[in-house]
Structures are given as structure tokens and as C-alpha cells.
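Engineer: After the sequence you'll find the predicted model.
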Amino acid sequence: MSNRPDARIAERAKERAEERKRQQRRRRTITTIVAVAVIGVILLALYLVANAPSEAPIPSEAVSRYEGLLVTTNDDGFPMLGRRNARVNVVAYAAFTEPQGYEFFREIFPALLERVRADEISFAFAPVGVGVGRNPEGAARAALCAGEQGRFWPAFDTFFTWANEFGNSAFNTNRLREGVAALGVQADRFNDCFGQGRIGDLLVVARQSLTAPVTVRVNGAVVDTNLDAINEAIDAFGPFTPQPESTAAPEATPEAALEVTPEATPEVESTPDPEPETTPEATPDGS
């Protein structure tokens with residue numbers, strides 16, 4: 001008889017222990033369900049963001065400002081305006097995401113463009129795939145691939161404008177895709193180009209040549225990135241005598257003439273999204 005209370009106590013203890021285990025299992029099940037639901041919501045949100053339309057405006061003068069200019073590439077393979085045998089060759093290196101790059105584009109480049117038109121210099125731009133901001137490599141690759149279809153310089157204007165206007169969201173997948181389509185770039189050729197090793201090789205050369213957020217070289221020598229210093233370095237190779245139009249020798253241009261207006265829209269949406277982001281920011285998907 002004396003063992004009966006102890007047996008009942010042990011049985012109740014066992015029942016309480018089993019109930020605690022059942023409650024723990026229920027809590028774990030609920031936690032798992034909630035976690036799966038949260039992950040599902042997050043993934044859905046990311047999908048909607050990634051596939052949401054992105055405004056991709058093309059500046060009004062992105063094409064017209066380069067009309068009549070010789071468009072080719074320099075010895076390193078970077079897009080260039082002007083004659084390859086110009087007395088003075090100016091090359092600028094910068095990332096499209098770099099704020100100082102935008103300042104160069106806005107404050108210095110227009111004056112250099114006038115000197116190209118005057119046949120005093122050639123000007124090349126080497127987009128850099130690393131730097132501040134989001135997805136500089138994606139922007140650089142997109143611009144160089146647009147260049148293979150004769151659209152580097154309109155992309156040059158467009159991308160710097162976007163960087164200033166949209167900040168870290170400037171070069172997400174949809175904006176790049178829609179932007180290059182609006183510039184008249186063929187989707188299949190662009191997608192094939194985007195991850196090619198030849199583009200990666202150009203980015204390596206650009207990065208190795210960079211000595212500051214924006215590097216400017218005049219006939220190979222690095223100069224301060226301000227207009228007075230650049231003009232002084234250019235003028236050291238003067239005086240310049242304008243070349244008569246009647247004697248100017250035409251030069252082969254690997255890039256097509258800038259004829260397509262910004263409204264041209266190839267079927268970029270019909271092709272899969274390029275994903276060459278070897279790092280999280282290395283593809284058009286900068287979102």
C-alpha cells in the first residue's frame with residue numbers, strides 16, 4: 001500500500017513530461033510553419049522587386065551630341081571619339097557609379113568634346129568595374145557591350161545621368177535591360193556579350209590604369225582631374241591647326257554610325273536576364 005502514492009506520483013510526472021514534449025513539438029511545428037511563410041513572403045517580395053518595371057529615361061541629347069564625330073576604339077580597345085592618329089590622345093578612367101566620375105562628365109567632358117570636334121584631340125573613356133555605389137561592373141559591362149553595337153557614347157551619357165538621378169538603384173537588372181533596349185541595342189547580341197572574357201579583359205586593363213577615383217591621361221601621362229590642368233597638358237602639344245574638311249582622311253570605324261534614336265526598342269524582354277555577377281554586383285542584376 002505504501003508504494004501506491006509513489007506510483008501515482010511517478011505516473012503523473014511521466015504524463016507531465018510527455019505533455020511538455022507534445023507542447024514543444026507543437027511549438028517547433030508552429031515556428032517552422034511561420035518561418036517558411038516568412039521566407040515565402042520575402043522571396044515573393046524579392047521576385048516582385050526584381051521584375052518590377054524600372055524607369056529608364058534616355059537623355060534628350062544622348063545620341064545627337066555625337067552626330068558627325070568619328071567613333072572608333074583606341075589601342076587598348078576602349079571606345080574613342082576622334083582620329084586614332086590625333087596629335088593628343090586623352091583617356092579618362094572611372095566607374096559610372098563614382099560621384100567624381102559624374103562631376104567629370106558634367107564639368108569637364110563637354111569642353112573636351114569641343115576639342116574633339118575641333119580635331120585637336122581624341123578622347124577615349126575606359127569604364128571601371130569597381131568603385132563606390134552599387135553594380136559598377138554591371139554598368140561597365142553594359143556600356144562596353146552597347147559599344148559593340150555602336151551605342152557606347154549614348155550609353156555613356158545615359159549611365160552617368162542615371163547614377164546621379166537614381167543613386168544605388170541606377171544599375172539594377174531591369175533598368176539596364178530597358179535602357180540598352182531604348183538605345184537600339186539588340187538583345188541577343190547584348191546578352192551574349194555581357195559575360196564574355198574580352199569584356200572582362202578590358203575591365204582589368206581599366207582597373208590597372210586607375211590611380212584615383214577618376215584618372216585622366218594625356219598622351220599617356222597622368223594629369224590632375226581639372227579642366228585647367230587637362231587643357232594645359234593638351235596645349236603643350238600645340239599649336240593646333242584645324243584640318244581642312246576636304247583633306248581629312250576618313251577612318252574605318254568599328255562602331256556603327258549613331259543613327260538609331262533613343263526610342264528604338266528591341267525585344268530584350270524575350271531573352272533571359274544576363275547573370276554574370278561573379279560578385280553580388282557583377283551583372284545587370286544590381287537590385
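Structural biologist: Nice, thanks for sending it over. Numbering: from 1, shown residues only.
Engineer: Return the set of buried residues in the host helix or strand of residue 192.
Structural biologist: Assigned by DSSP states H and E, residue 192 belongs to helix 187-194. Neighbour-count burial for helix 187-194 flags 187, 190, 191, 193, 194 (criterion: 16 or more other CB atoms under 10 Å). (Each C-beta comes from the backbone N, C-alpha and C, glycine too.)
Engineer: Point out the other helices and strands that that helix packs with.
Structural biologist: Taking 3 or more CB pairs under 8 Å, 6 or more residues apart in numbering; DSSP states H and E as contact, the helices and strands that helix 187-194 lies on are helix 136-147.
Engineer: What angle do helix 187-194 and the helix it packs on make with each other?
Structural biologist: 130 degrees (axes from the mean of the first three to the mean of the last three CA atoms, to 10 degrees).
Engineer: pLDDT on helix 136-147, on average?
Structural biologist: Averaged across helix 136-147, pLDDT comes to 97.
Engineer: Identify the residues contacting residue 193.
Structural biologist: Residue 193 makes contact with 144, 145, 148, 199, according to CB atoms under 8 Å, 6 or more residues apart in numbering.
Engineer: Could you list the buried residues of stretch 160-168?
Structural biologist: If you call a residue buried by 16+ other CB under 10 Å, then stretch 160-168 has these buried ones: 160, 161, 162, 163, 166.
Engineer: mind checking how far the helix holding residue 192 is from the chain centre?
Structural biologist: 15 Å (CA atoms, centre = their mean, to the nearest Å).
Engineer: Just give me the closest of the contacts of residue 193 to residue 217.
Structural biologist: residue 144 (18.7 Å; CB to CB).
Engineer: what's the closest non-adjacent residue to the closest one?
Structural biologist: residue 199 (5.3 Å; CB to CB, 6 or more residues apart in numbering).
Engineer: Now do the same contact list for the one you found.
Structural biologist: Counting by CB under 8 Å, 6+ apart, residue 199 has contacts 141, 144, 145, 193.
Engineer: Would you mind giving the domain segments of the chain?
Structural biologist: With domains defined by automatic domain parsing, the chain comprises 1-51, 64-270.
Engineer: Could I get those domains in TSV, plus columns for distance to residue 58?
Structural biologist: TSV is the format used below for those (distance: least, CB to CB, whole Å):
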stretch	distance to residue 58
domain 1-51	22
domain 64-270	4
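Engineer: Can you tell me which of those is packed in deepest?
Structural biologist: Stretch with highest mean neighbour count among the domains of the chain: domain 64-270 (a mean of 19; mean count of other CB atoms under 10 Å).
Engineer: quick one: the most centrally placed residue in the chain from residue 111, how far?
Structural biologist: Geometric centre of the chain, nearest residue: residue 139, 0.9 Å, by CA atoms, centre = their mean. Separation of residue 139 from residue 111 (CB to CB, to the nearest Å) stands at 24 Å.
Engineer: same question, residue 192
Structural biologist: As judged by CB to CB, residue 192 and residue 111 stand 37 Å apart.
Engineer: quick one: strands adjacent to the stretch of helix or strand residue 215 belongs to?
Structural biologist: Under the criterion of DSSP H and E, residue 215 resides in strand 214-218. Sheet pairing of strand 214-218 (DSSP bridges) gives strand 88-94 (antiparallel), strand 221-223 (antiparallel).
Engineer: Mind putting those strands into a markdown table with distance to residue 66 and mean pLDDT?
Structural biologist: Shown next, in a markdown table, are the strands paired with strand 214-218 (distance: least, CB to CB, whole Å; pLDDT from 0 to 100):
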| stretch | distance to residue 66 | mean pLDDT |
| --- | --- | --- |
| strand 88-94 | 16 | 98 |
| strand 221-223 | 24 | 98 |
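Engineer: re earlier: if we only consider the buried residues of helix 187-194, which is nearest to residue 75?
Structural biologist: residue 193 (20.8 Å).
Engineer: The closest one and residue 8: what is the separation?
Structural biologist: Relative to residue 8, and taking CB to CB, residue 193 is found at 81 Å.
Engineer: quick one on the thing from earlier: any idea whether the residue nearest to residue 144 is helix, strand or coil?
Structural biologist: helix (DSSP: H, G, I helix; E, B strand; the rest coil).
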